[in-house]
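Q: structure for this input, please:
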Amino acid sequence: MSVAVRSPDDNSPIVFDLEQFMGTWHVTHSTLPLWKSKKDVSITYALKNPSSQGTTQFDDIVEYRSESAPSTSKRSRIVGVDTFLPFVSDDPQATQSPPPRYHWRGRGLLCIVTSRWQVLGCSTDTSSGPAWVSPTLKRRCSPLQEIINKAQALGGMVGQLTNDFFAVKRSPPLDG
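A: Presented below is the predicted three-dimensional model:
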């Protein structure tokens with residue numbers, strides 16, 4: 001599988017199917033220090049009905065356990081909503097969509113917490129199904145070293161992040 005990784009300021013289009021992006025993703029590697037003391041991290045995305053303004057949004061549920069918790073314990077949750085950030089270009093010739101960017105806002109007590117994120121890359125092999133890369137998650141067993149090498153080659157902030165890349169812990173499968 002070949003992977004394309006782009007710099008956050010690269011606005012060239014990528015193939016991105018939002019419906020295939022929906023579902024549960026298991027965080028296998030990350031640069032986010034929060035996950036160093038956690039395990040069994042997953043993120044579930046569920047598309048919401050379009051708003052009256054036509055804005056694309058989806059629910060975002062992060063679940064995890066503390067590193068010391070038994071694998072049978074209930075996972076903690078962080079719930080939020082992601083909103084698509086439309087691309088605005090000064091170039092009147094710009095007709096293709098750049099990599100998707102999103103604004104996340106927490107729900108409940110986390111309603112004051114926000115972040116922005118984007119898809120930095122994806123598999124260029126569409127025959128094997130989706131495989132995307134964002135700053136903190138990936139799905140499927142994409143060639144991890146290929147992702148790291150391509151991100152390092154970009155240099156800048158993305159290249160520097162590869163120095164902090166670590167495996168996120170997973171509980172062993174339950175017998176039975």
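Q: in stretch 149-162, what counts as buried?
A: For stretch 149-162, the neighbour count (16 or more other Cβ atoms under 10 Å) marks 150, 151, 152, 154, 158, 161, 162 as buried. Placement of C-beta: from N, CA and C, glycine included.
Q: again with stretch 72-90
A: Neighbour-count burial for stretch 72-90, counted by 16+ other Cβ under 10 Å, picks out 75, 78, 80, 81, 82, 83.
Q: could you do stretch 32-44 as well?
A: Neighbour counts over stretch 32-44 (16+ other Cβ under 10 Å) mark 32, 35, 38, 39, 40, 41, 43, 44 as buried.
Q: circling back: and the buried residues of stretch 72-90, which is closest to residue 114?
A: Checking these against residue 114 by Cβ to Cβ gives residue 80 as the nearest, at 8.7 Å.
Q: quick one, what contacts the closest one?
A: Residue 80 makes contact with 59, 60, 62, 104, 105, 106, 107, 110, 113 under the criterion Cβ atoms under 8 Å, 6 or more residues apart in numbering.
Q: please enumerate the strands of the chain.
A: Remark: strands assigned in the chain by DSSP state E are 3-5, 23-26, 29-30, 38-47, 57-66, 76-84, 101-106, 114-118, 121-123, 132-133, 166-167.
Q: picking up where we left off before, which of the buried residues of stretch 32-44 scores worst on pLDDT?
A: Within the buried residues of stretch 32-44, the minimum per-residue pLDDT falls on residue 32 (87).
Q: weakest of the strands of the chain in terms of mean pLDDT?
A: Confidence, taken as mean pLDDT, is least for strand 132-133 of these (a mean of 49).
Q: that older thread, looking at the contacts of residue 80, state which has the most neighbours.
A: Neighbour count (other Cβ atoms under 10 Å) singles out residue 62 as the most crowded of the contacts of residue 80, with 23 neighbours.
Q: thought that residue was touching residue 41?
A: Yes - here residue 62 reaches residue 41: they are 7.1 Å apart, a contact under Cβ atoms under 8 Å.
Q: count the neighbours of the spatially closest residue to residue 121 that is not a sequence neighbour for me.
A: Distance criterion Cβ to Cβ, 6 or more residues apart in numbering; nearest residue to residue 121, sequence neighbours excluded, is residue 5 at 3.7 Å. Using other Cβ under 10 Å, the number of residues around residue 5 comes to 20.
Q: my guess is residue 5 contacts residue 152, does it?
A: No - in this structure, residue 5 is not within contact of residue 152 by Cβ under 8 Å, at 9.5 Å.
Q: residues in contact with the residue nearest to residue 121?
A: Contacts for residue 5 were tallied using Cβ under 8 Å, 6+ apart; they are 120, 121, 133, 147, 150, 151, 154, 158.
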